[in-house]
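Colleague: Output the structure for:
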Amino acid sequence: MTWADALRASCRGEKLLAESVITAVQTFLDRDAYLLQADVNERTMTHRFAIYVEAAFEGSDVDSEYNRDGHDPKVIAFGSSDDAEHGSRVFPDVIVHRRGTGDNHIVFELKKSNNPESDDRDFEKLGGYCSLLGYRHGVFLRLIVRSDQPGVGRAEFVYGSP
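Modeller: Below is the predicted model of the structure:
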């Protein structure tokens with residue numbers, strides 16, 4: 001199964017949404033393959049990816065590492081530095097939302113293929129973003145870097161607990 005087919009299969013039947021995400025990813029791969037081949041910093045990749053997400057979701061705000069929930073910091077119970085009392089501040093890689101409202105559409109987490117950490121933590125964070133911060137959709141992308149054939153090694157929609 002291709003990465004695009006994996007996104008179509010995991011999007012809970014929202015075909016237009018899946019195709020918009022696929023278009024953004026494919027545009028990123030077509031225009032910025034060099035970034036993956038050169039294995040640049042993940043923030044550089046997420047910035048470039050956000051440009052194509054913005055084009056695919058016209059009319060929405062698209063931000064990288066946006067850390068606010070209204071005026072308060074974004075916090076989930078299992079971010080990078082758990083605090084049992086207050087949770088952890090989080091910085092989603094790319095989000096599609098409407099700033100200043102509770103309208104949180106999509107949250108993306110990207111990971112490079114040479115990152116040795118398990119994908120499980122990213123899936124847990126995406127589920128938390130959906131369950132605790134109200135994102136309707138989470139998307140995980142593992143990008144293949146340092147390859148003559150850069151691409152996507154894993155792609156999946158992720159949803160929180162109802």
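
Colleague: When you work out contacts or count neighbours from here on, use the C-alpha atoms and nothing else.
Modeller: OK.

Colleague: Give the other helices and strands that the helix ranked longest in the chain contacts.
Modeller: Identified as the longest helix of the chain according to DSSP state H is helix 15-37. Where contact means 3 or more Cα pairs under 8 Å, 6 or more residues apart in numbering; DSSP states H and E, helix 15-37 is packed against helix 3-10, helix 42-56, strand 151-158.

Colleague: which of the residues in it are buried?
Modeller: Residues 17-29, 33-37 are the ones in helix 15-37 that count as buried (16 or more other Cα atoms under 10 Å).

Colleague: Next, the angle from that helix to helix 42-56.
Modeller: Helix 15-37 runs at 150 degrees relative to helix 42-56, counting by axes from the mean of the first three to the mean of the last three Cα atoms, to 10 degrees.

Colleague: Show me what helix 15-37 is in contact with.
Modeller: Residues outside helix 15-37 that contact it (Cα atoms under 8 Å, 6 or more residues apart in numbering) are 4, 7-8, 11, 45, 48-49, 52-53, 55-57, 143-151.

Colleague: Buried subset of those residues, written for ChimeraX?
Modeller: Applying 16+ other Cα under 10 Å to the contacts of helix 15-37, the buried members can be selected in ChimeraX as follows:
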select :4,7,8,11,45,49,52,53,56,57,143,144,145,146,150,151
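
Colleague: related to what we said a few turns ago, just put the helices and strands packed on helix 15-37 in JSON lines and tack on distance to residue 132 and mean pLDDT.
Modeller: JSON lines is the format used below for these (distance: least, Cα to Cα, whole Å; pLDDT from 0 to 100):
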{"stretch": "helix 3-10", "distance to residue 132": "21", "mean pLDDT": "98"}
{"stretch": "helix 42-56", "distance to residue 132": "23", "mean pLDDT": "97"}
{"stretch": "strand 151-158", "distance to residue 132": "14", "mean pLDDT": "98"}
